[in-house]
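In: A predicted structure for the sequence below; I have some questions about it.
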Amino acid sequence: LGSSSTGSSAGKVEIVADTGAVVSKDSAFSYITPGAIVSVSPPFGQLGTFVTISGLGLLGAGTSAANVTLNGVEVERIVSANSLKVVVRAAHATNGDGDVVIESDTGSHVVKTSGFEYEGPSTITSLTPTQGQVGTRVTISGSDLLGVHNGTSVTVAIGSANAEVLSVN
């Protein structure tokens, strides 16, 4: 059962059956001001990008974010959520821009039209050398290794071991 009104007042709930029977309850439901997404930061990204969605009433009358989509793609993970800020991690998707949609546990939706753009993935094209022992210096080459919009730092893991980053070009 969903509501189709966007008004902001308390209301009587009334059910009318096809038999003519009427059941009602006065002042049983209150419409609240619809939520609004004010900003999406960053407004672009790729797999793994942490995205902060800020606004007002982001959870409607709910207590949690049940689902968030960026450009129609369900996020990899909802990191945190409250009525003012939702932080998510972007999933894998093809290039393109589209809406940011937050669905709360009550089913309410808050939407920012054309709020996020997925960009092409970064790629590793080569590793030199391709084998070694602890302490071996490895050069990793590829495209957009700091993200499409050139992040400023990086961590590297080779297998299950974290590697020390000596330089980033």
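Out: That came through, no problem. Numbering: from 1, shown residues only.
In: check contacts around the residue nearest to the spatial centre of the chain.
Out: For the chain, the residue sitting closest to the mean C-alpha position, by C-alpha atoms, centre = their mean, is Val88 at 4.1 Å. By C-beta atoms under 8 Å, 6 or more residues apart in numbering, the contact set of Val88 is Phe50, Val51, Ile53, Val68, Leu70, Val75, Glu76, Arg77, Ile78, Val79. In this view, the C-beta of every residue, glycine as well, is placed from N, C-alpha and C.
In: now the fourth one, which residues is it bridged with?
Out: What it means is Val68. Here Val68 shows beta-bridge partners Ile102, assigned using DSSP bridges.
In: sorry, back to before: the residue nearest to the centre of the chain and Gly62, how far apart?
Out: Distance of Val88 to Gly62, computed by C-beta to C-beta, to the nearest Å: 16 Å.
In: re earlier: ranking by neighbours, what's the top pick from the contacts of Val88?
Out: Comparing the contacts of Val88 by number of neighbours (other C-beta atoms under 10 Å), Leu70 comes first, having 28 neighbours.
In: Test my guess that that one contacts Asp97.
Out: No - using C-beta atoms under 8 Å, Leu70 makes no contact with Asp97, being 9.4 Å away.
In: Quick check: neighbours shared by these two?
Out: Common neighbours of Leu70 and Asp97, using C-beta under 8 Å, 6+ apart, are Phe116, Tyr118.
In: before we move on, the earlier item: next up, identify which helix or strand the residue nearest to the centre of the chain is on.
Out: According to DSSP states H and E, Val88 maps onto strand 85-89.
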